[in-house]
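**Student:** Need a 3D model of the following:
(chains A and B)
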Protein chains: 2
Amino acid sequence: MTRRALVLGAGGFIGSHLSRRLLRRGWRVTGVVRDASDPVVARRLGDLAADLELVEGDAADPDLLDRLVAGRDAVFPFAGRSGAAASMQAPVADLDANGRGQLAVLEALRRRNPEARAVFPGSRLQYGRCERLPVPETHPQRPVSVYGVHKVLGEQYHRLYWSTHGIPTTVLRISNPYGPMQDRPDGSFGVVGNFLARASRGAEIRLYGGGTQVRDYLYIDDLTSLCELAVTHPAAPGEVFNASGPEPVTLRRMAEAVVETVGAGTIVCADWPAEAASVETGDYFGETRRASSVLGWKPRVGLREGLAATWAARTPSLAAAG
Amino acid sequence: MTRRALVLGAGGFIGSHLSRRLLRRGWRVTGVVRDASDPVVARRLGDLAADLELVEGDAADPDLLDRLVAGRDAVFPFAGRSGAAASMQAPVADLDANGRGQLAVLEALRRRNPEARAVFPGSRLQYGRCERLPVPETHPQRPVSVYGVHKVLGEQYHRLYWSTHGIPTTVLRISNPYGPMQDRPDGSFGVVGNFLARASRGAEIRLYGGGTQVRDYLYIDDLTSLCELAVTHPAAPGEVFNASGPEPVTLRRMAEAVVETVGAGTIVCADWPAEAASVETGDYFGETRRASSVLGWKPRVGLREGLAATWAARTPSLAAAG
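**Tutor:** Numbering: from 1, shown residues only, chains lettered A, B, ... in the order given. Prediction:
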């Protein structure tokens, strides 16, 4: 029997790749987007038009959710707002998008489809400043941004609806995902997408504090395979997994790899802007042993391979800019 | 110079007692209530009418807050919704009252008065099921109710606005406060108030699971003295304190003390109703060493003394019912 998925935020970077993967793997997919005429959304979903059932609407609207969650095998509440620094400027908007939105989905599942599997897209930013690397899922959560606070909130909702209402949902704490179509015309979305966009127009890539910050980078195909496992593997419900890339990399090394991949761009050092400094967490590298032992998942794509694939699949806007 | 306080939720159980204490100690106090004509609110604030500056309004309204926080030495955002079981029935309303309301106050402080001291009224329910007694502030927080999740959220907001914006706020994780005027006409508010109201009309006090659950009970005067210390003591900003009573007591012993105090009422055992069982945390007794060593505060009123004072100060509605 064909499995049926609901992807909220299907026009987003993760939501669009996930929709594509699920369709390719034989799922029927309904995707909710706020504004299908947004050129970024249209570009991301262009090739899916024939297969994806597209719904335009508010992914936190209770009536719409009640209607759409019914009959699904899996629900991915991936609509939301990105950006730690942005959340400090607009904390109430962040609460509505990342907190209230999750609660609305869980309430709809409770009312209409408590057996559907679900995934919460959490964040490494839930941890705040980390005491050791790699960071296991048991590390304390002390977020240093409103965004991080609301990702903790979303996770607690999901865990509570699992423990109290039995809704089989799984938490992923995602590090830095990257891949094709992450770039936005304003170059603002995601550190890898941002660096790629700058390099492609021969612009400066600015590293704050010398670029010594350690991060891990998760190629989008590795992430979407984990998302699918999270709604199909029998051991996933109620669990929390780090979704991290295969290796720790300094920001400088990542920037150098971007410049080499693109064949353009220059790297310069810059002082920390205040709004970035206040939400900076220091080094991060997530431990993925848990996802490996419980789900048999491992990140497979290394940074150079992932950057090459991202660059090869570059979209007209990036190619034009480059 | 006269100190100026803003008490949001001044018509609530804690807010009304706190307003009374601050006025007695020479503060100028402005109190915000949703509906001054509510008979419960009118009764609680009746004797303060000449001294309290009363404002009717929505304690989460940004414009009202911008106007009211300016010029205050201390702000007490004590408006909100009570009740773990109720929060499971109306999770979005609980988010608005207990989450978004705190964020609105902190944003107003950031904009208009970042030097004002503030107190977050957290809850023992942030801990969820506890691993050991007494429970120190370092115990993990795994709330088992939407109410508990939102109290964690409020605490994280306060800690973030302290660490990032320097707003000098203090978190209290309050156990079971009790005292005069906690009783509501429907007998629904607070376990001690509920038991007192039942005993006073000679009704049955129902203990779920035999009444073996350990709790601590904090007399309201002990709590309001801690609230004042939290906005005046130089070591309080950025800190988290358990606000607990002096001793661990089983629910059965508390019920027996209520029956003896009132001289009426009977105690019966009952099965757990599902909605109470799902949010039950098991035993709780908060460790207060931290508030003692940092602030020099200790709970002074024992349960029998506190019950006697509560009963002696009983309000017309209770007396009539009794």
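**Student:** C-alpha from now on. contacts and neighbour counts both.
**Tutor:** OK.
**Student:** Tell me, please, where in the stretch 201-322 of chain A the pLDDT is lower than the cut-off.
**Tutor:** Applying pLDDT under 70 to the stretch 201-322 of chain A picks out residues A:315-322.
**Student:** how about the residues of it that lie near chain B?
**Tutor:** With the criterion set to Cα under 8 Å from any Cα of the partner chain, the stretch 201-322 of chain A comes near chain B through A:S278.
**Student:** residue of the stretch 201-322 of chain A with the smallest distance to chain B?
**Tutor:** When scored by Cα to the nearest Cα, the stretch 201-322 of chain A has A:S278 as its residue closest to chain B, at 6.5 Å.
**Student:** residue ranges of the strands in the stretch 151-300 of chain A, please?
**Tutor:** A:169-174, A:176-178, A:204-208, A:214-215, A:217-219, A:240-243, A:249-250, A:266-270 (DSSP state E, counting those that start in this stretch).
**Student:** mind listing what the residue of the stretch 201-322 of chain A closest to chain B touches?
**Tutor:** A:144, B:164 (Cα atoms under 8 Å, 6 or more residues apart in numbering or on different chains).
**Student:** Could you do A:N113 as well?
**Tutor:** By Cα under 8 Å, 6+ apart, the residues touching A:N113 are A:69-72.
**Student:** repeat that for 7 Å
**Tutor:** A:N113 makes contact with A:69-70, according to Cα atoms under 7 Å, 6 or more residues apart in numbering or on different chains.
**Student:** Check the gap between it and chain B for me.
**Tutor:** Going from A:N113 to chain B by Cα to the nearest Cα, to the nearest Å gives 17 Å.
**Student:** rewinding a little: is it possible to export the strands of the stretch 151-300 of chain A to CSV including mean neighbour count and distance to B:D61?
**Tutor:** Below are those laid out as CSV (neighbours: other Cα atoms under 10 Å in any protein chain shown; distance: least, Cα to Cα, whole Å):
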stretch, mean neighbour count, distance to B:D61
strand A:169-174, 25, 33
strand A:176-178, 22, 36
strand A:204-208, 19, 38
strand A:214-215, 20, 40
strand A:217-219, 26, 41
strand A:240-243, 26, 36
strand A:249-250, 18, 44
strand A:266-270, 15, 40
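**Student:** Dump the ones you listed to TSV, plus distance to A:A291.
**Tutor:** Output for the strands of the stretch 151-300 of chain A, formatted as TSV (distance: least, Cα to Cα, whole Å):
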stretch	distance to A:A291
strand A:169-174	9
strand A:176-178	16
strand A:204-208	32
strand A:214-215	19
strand A:217-219	14
strand A:240-243	6
strand A:249-250	20
strand A:266-270	35
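**Student:** which one of those lies closest to A:P121?
**Tutor:** strand A:169-174 (5.5 Å; Cα to Cα).
**Student:** neighbouring contacts of the closest one?
**Tutor:** Outside of strand A:169-174, the residues within contact range by Cα under 7 Å, 6+ apart are A:117-124, A:155, A:158, A:162, A:230, A:236-244.
**Student:** Can you show me the helices along the stretch 201-322 of chain A?
**Tutor:** Ranges of helices in the stretch 201-322 of chain A, per DSSP state H, counting those that start in this stretch, are A:220-232, A:251-262, A:274-279, A:289-295, A:303-312, A:316-321.
**Student:** which one of the ones you listed lies closest to A:V32?
**Tutor:** In terms of Cα to Cα, the element of these nearest to A:V32 is helix A:220-232, at 17.3 Å.
**Student:** which helices and strands does that closest one pack with?
**Tutor:** Using 3 or more Cα pairs under 7 Å, 6 or more residues apart in numbering or on different chains; DSSP states H and E as the contact test, the elements touching helix A:220-232 are strand A:117-123.
**Student:** Could you check the angle the strand it packs on makes with strand A:169-174?
**Tutor:** Here strand A:117-123 runs at an angle of 30 degrees relative to strand A:169-174 (axes from the mean of the first three to the mean of the last three Cα atoms, to 10 degrees).
**Student:** and strand A:117-123, which strands flank it?
**Tutor:** strand A:74-77 (parallel), strand A:169-174 (parallel) (DSSP bridges).
**Student:** Throw the ones you listed into CSV and include mean pLDDT, thanks.
**Tutor:** Shown next, in CSV, are the strands paired with strand A:117-123 (pLDDT from 0 to 100):
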stretch, mean pLDDT
strand A:74-77, 98
strand A:169-174, 98
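**Student:** So which residues on the stretch 1-150 of chain A come close to chain B?
**Tutor:** When proximity is defined by Cα under 7 Å from any Cα of the partner chain, the stretch 1-150 of chain A lies next to chain B at A:144, A:149.
**Student:** which residues of the stretch 1-150 of chain A fall in strands?
**Tutor:** Going by DSSP E, counting those that start in this stretch, the stretch 1-150 of chain A shows strands at A:4-8, A:28-33, A:53-56, A:74-77, A:117-123.
**Student:** Can you pull the domain assignment for chain A?
**Tutor:** Using automatic domain parsing, the domain ranges for chain A come out as A:4-177+A:218-243, A:179-215+A:247-284+A:301-321.
**Student:** which of these is buried the deepest?
**Tutor:** Across the domains of chain A, the average number of neighbours (mean count of other Cα atoms under 10 Å in any protein chain shown) peaks for domain A:4-177+A:218-243, which reaches a mean of 21.
**Student:** Now do A:R129 against chain B, distance only.
**Tutor:** Here A:R129 is placed at a distance of 13 Å from chain B (Cα to the nearest Cα).
**Student:** what's that residue in contact with, if anything?
**Tutor:** Contacts of A:R129 (Cα under 7 Å, 6+ apart): A:281-282.
**Student:** got the phi/psi numbers for it?
**Tutor:** Main-chain torsions, A:R129, degrees, to the nearest 10: phi -80, psi 130.
**Student:** In this structure A:I267 contacts A:G202, no?
**Tutor:** No. Judged on Cα atoms under 7 Å, A:I267 makes no contact with A:G202 at a distance of 10.3 Å.
**Student:** Which elements pack onto the longest helix along chain A?
**Tutor:** Taking DSSP state H as the criterion, chain A has its longest helix at helix A:146-165. With contacts taken as 3+ Cα pairs under 7 Å, 6+ apart, helix A:146-165 sits against helix A:84-89, strand A:117-123, strand A:169-174, helix B:146-165.
**Student:** could you dump those to CSV with distance to A:F13?
**Tutor:** Formatted as CSV, these follow (distance: least, Cα to Cα, whole Å):
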stretch, distance to A:F13
helix A:84-89, 17
strand A:117-123, 12
strand A:169-174, 13
helix B:146-165, 27
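**Student:** out of those, which comes closest to A:R142?
**Tutor:** Closest to A:R142 of these, according to Cα to Cα: helix B:146-165, at 8.1 Å.
**Student:** Name the residues that touch stretch A:176-184?
**Tutor:** The contact list for stretch A:176-184, computed with Cα under 7 Å, 6+ apart, reads A:13, A:40, A:44, A:189, A:192-194, A:197, A:216-220, A:306, A:310, A:313-315.
**Student:** swap in stretch A:103-112?
**Tutor:** Identification of contacts with stretch A:103-112 by Cα under 7 Å, 6+ apart yields A:60, A:62, A:65-66, A:69-70, A:77, A:157.
**Student:** Likewise for stretch A:24-37?
**Tutor:** By Cα under 7 Å, 6+ apart, the surrounding residues in contact with stretch A:24-37 are A:2-11, A:19, A:23, A:42, A:52-59.
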